[in-house]
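Student: Build me a model from this:
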Amino acid sequence: MSKKKVFVIGLDCATPQIVFEEYRDKLPNLNSLMTKGCFAKMNSTIPAITVPAWSSMMSGRDPGELGFYGFRNRKDRTYENLVFANSSFIKFKRVWDYLTSAGKKSIVLGVPQTYPPSKINGYMVSSFLTPDINSNYTYPTEFKDEVKEATDGYMIDVDNFRTDEKERLLQDIFLMTEKRFKLVNHMLDKHDDWDFFMFVEMGVDRIHHAFWKYFDKNHPKFEPGNKFENSILDYYIYLDKEIGQLLKKLDDDTTVIVISDHGAQSMIGGICINEWLIKNDYLSVEDYPSEVTRINRIKINWKKTKAWGFGGYYGRIFLNVKGREPDGVIPEVDYEKVRDELIEKFESMTDEDGKLLGTKVFKPEDIYQKVNNIAPDLLIYFGNLTWRSVGSLGLNQVYTYENDTGPDDANHAQHGIFIGYTPGKESKGDIDTIDILDLTPSILKIFGLKYPENFKGKAVEF
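Tutor: Okay, the predicted model is just below:
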């Protein structure tokens, strides 16, 4: 007797303008899924970054509920203690946990924030956040030997994707992806007794960040005829071919989902968030550095500091509040006043030519169902993510066109991709937009499983 299965293909950072629009006709297997099933832009979390997006997607909980807002988060109200959000930070069930409780079997490969791997009814290989290949990155532990043999040496991630060694990096991205698909094929061939199968390929994200300026004709640094101009398209074509081979191995009781956690777009430049805070009298440092230095290595005069920020694809502002932080200076009664003042100033920022950036600033309590642990006081999308947030000091300027953590040509975009296909169901085509929080209830509904009533997302039929 056949049983219902769900097969999820995760492509970190895969973006609608490539898959749905400009190059759809060059991706026959993804195009076929879209034609036979449905597709939509997928509204990501705020922030639209790998952590927390994949965990929100697979738990149905927004970042505020999960209680982490990026890779690194404040551990307490002191100024120095930052912690890395690994799998132990997730206090809610994810899809495979619901399925394990229901006696169903899962295979989970490379999904971000699964290190250390957890016990499931099935197999797990943790993600690129695994420290190194020598770590215990599988469940069960002995499964690691099978992974190594099946892939001729597994690759957790590529080394240093922010590099000028483009030839080396491009080869590594293709090799990593080849090994990931070797493992997926192996599992489909040798372990066919599964109900839920999900894998995530990180190569899409890596190639976007490293090669976007060579590919996107609208990028300010694009040079026509450059040697890497077709690298991203060639990679997508390769991905599509590999996906086609996987689809041939699935039966007619298998629902296929293709998903990304966010999209990508050209990065125009960076806003040096702490330089701006110094120039506008919110941040005071003991000694301004003579070279570019990360903010956590700067001696800050906390008794004269109202706010400081973290860099990344989005900006995070923390206020130094009296009675909350050790050397807080902002009276609690003025907290909202200072936040609103900063929002107005950031949202009215212009570029160096005086053109409005189009920055969006969010208060966590306005966008999350609940705010757990220590959230930023403000989350900032500079230029709606066309500019990144640069946290380092030493540039002595607010605007920069070089990344402080190495070459990076792309920023994230709020919308990723969703493709859904269930054999035997009528095609729906373009269903416009779904939310990242819709994925967990949608998958659980396919299996006929109940989920919490307070889920913000809704089950989508496809």
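Student: only C-alpha atoms for contact and neighbour calcs from this point on.
Tutor: OK.
Student: how close does the nearest residue in space to Tyr139 that is not next to it in sequence sit to Tyr214?
Tutor: Leaving aside its sequence neighbours, Tyr139 sits nearest to Met124 (Cα to Cα, 6 or more residues apart in numbering; 5.0 Å). Using Cα to Cα, to the nearest Å, Met124 is found at 36 Å from Tyr214.
Student: So for those two, which sits in the more crowded spot?
Tutor: Per other Cα atoms under 10 Å, whichever of Met124 and Tyr214 has more neighbours is Met124, with 27 against 22.
Student: Bridge partners for the more buried one, pull those for me.
Tutor: Met124 has these beta-bridge partners by DSSP bridges: Val108, Tyr139.
Student: any idea how far Pro131 is from it?
Tutor: Using Cα to Cα, Met124 is found at 16 Å from Pro131.
Student: ok, now Lys458?
Tutor: Lys458 is 35 Å from Pro131, by Cα to Cα.
Student: The residue nearest to Tyr139 and Thr141 touch, don't they?
Tutor: No. Using Cα atoms under 8 Å, Met124 is not in contact with Thr141, being 9.4 Å away.
Student: ok, Thr405 touching Arg162?
Tutor: Yes. Using Cα under 8 Å, Thr405 is in contact with Arg162, at 7.4 Å.
Student: who's more crowded, these two?
Tutor: Neighbours were counted for Thr405 and for Arg162 using other Cα under 10 Å; Arg162 has more, 18 against 14.
Student: what secondary structure does that one sit in?
Tutor: Using DSSP: H, G, I helix; E, B strand; the rest coil, the structure places Arg162 in coil.
Student: For it, what are phi and psi?
Tutor: When read as degrees, to the nearest 10, the backbone of Arg162 gives phi -100, psi 80.
Student: begin at 51 from here
Tutor: From this message on, residue numbering opens at 51, which makes the last subject Arg212.
Student: pLDDT score for it?
Tutor: Note for Arg212: predicted pLDDT of 90.
Student: any idea how far it lies from Asp454?
Tutor: Arg212 sits 10 Å away from Asp454, going by Cα to Cα.
Student: in the stretch 351-500 of the chain, which spans are helices?
Tutor: With DSSP state H, counting those that start in this stretch, the ranges of helices along the stretch 351-500 of the chain come out as 385-397, 414-417, 489-496.
Student: which one of those helices lies closest to Trp146?
Tutor: Closest to Trp146 of those is helix 489-496 (Cα to Cα; 9.7 Å).
Student: roughly how far out does that closest one sit from the chain middle?
Tutor: Offset of helix 489-496 from its chain centre (Cα atoms, centre = their mean, to the nearest Å): 20 Å.
Student: tell me what it is packed against?
Tutor: Judged by 3 or more Cα pairs under 8 Å, 6 or more residues apart in numbering; DSSP states H and E, helix 489-496 is in contact with helix 100-109, helix 145-151.
Student: ok, for the residue sitting nearest the centre point of the chain, nearest residue in space, not its chain neighbours?
Tutor: For the chain, the residue nearest the mean C-alpha position is Thr100 (1.8 Å; Cα atoms, centre = their mean). The shortest distance from Thr100 to any residue other than its chain neighbours is 6.5 Å, reached at Asp311 (Cα to Cα, 6+ apart).
Student: Next, the contact list for the one you found, please.
Tutor: By Cα atoms under 8 Å, 6 or more residues apart in numbering, Asp311 lies in contact with 61-64, 92, 94, 98-100, 103-104, 107, 466-467, 486.
Student: Run through the strands of the stretch 51-200 of the chain in chain order.
Tutor: 55-61, 88-93, 122-124, 132-134, 156-159, 172-175, 188-189 (DSSP state E, counting those that start in this stretch).
Student: what would those strands look like in JSON lines with mean pLDDT and distance to Leu429?
Tutor: Listed next are the strands of the stretch 51-200 of the chain as JSON lines, based on pLDDT from 0 to 100; distance: least, Cα to Cα, whole Å:
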{"stretch": "strand 55-61", "mean pLDDT": "98", "distance to Leu429": "25"}
{"stretch": "strand 88-93", "mean pLDDT": "98", "distance to Leu429": "17"}
{"stretch": "strand 122-124", "mean pLDDT": "96", "distance to Leu429": "13"}
{"stretch": "strand 132-134", "mean pLDDT": "94", "distance to Leu429": "17"}
{"stretch": "strand 156-159", "mean pLDDT": "98", "distance to Leu429": "31"}
{"stretch": "strand 172-175", "mean pLDDT": "98", "distance to Leu429": "32"}
{"stretch": "strand 188-189", "mean pLDDT": "98", "distance to Leu429": "34"}
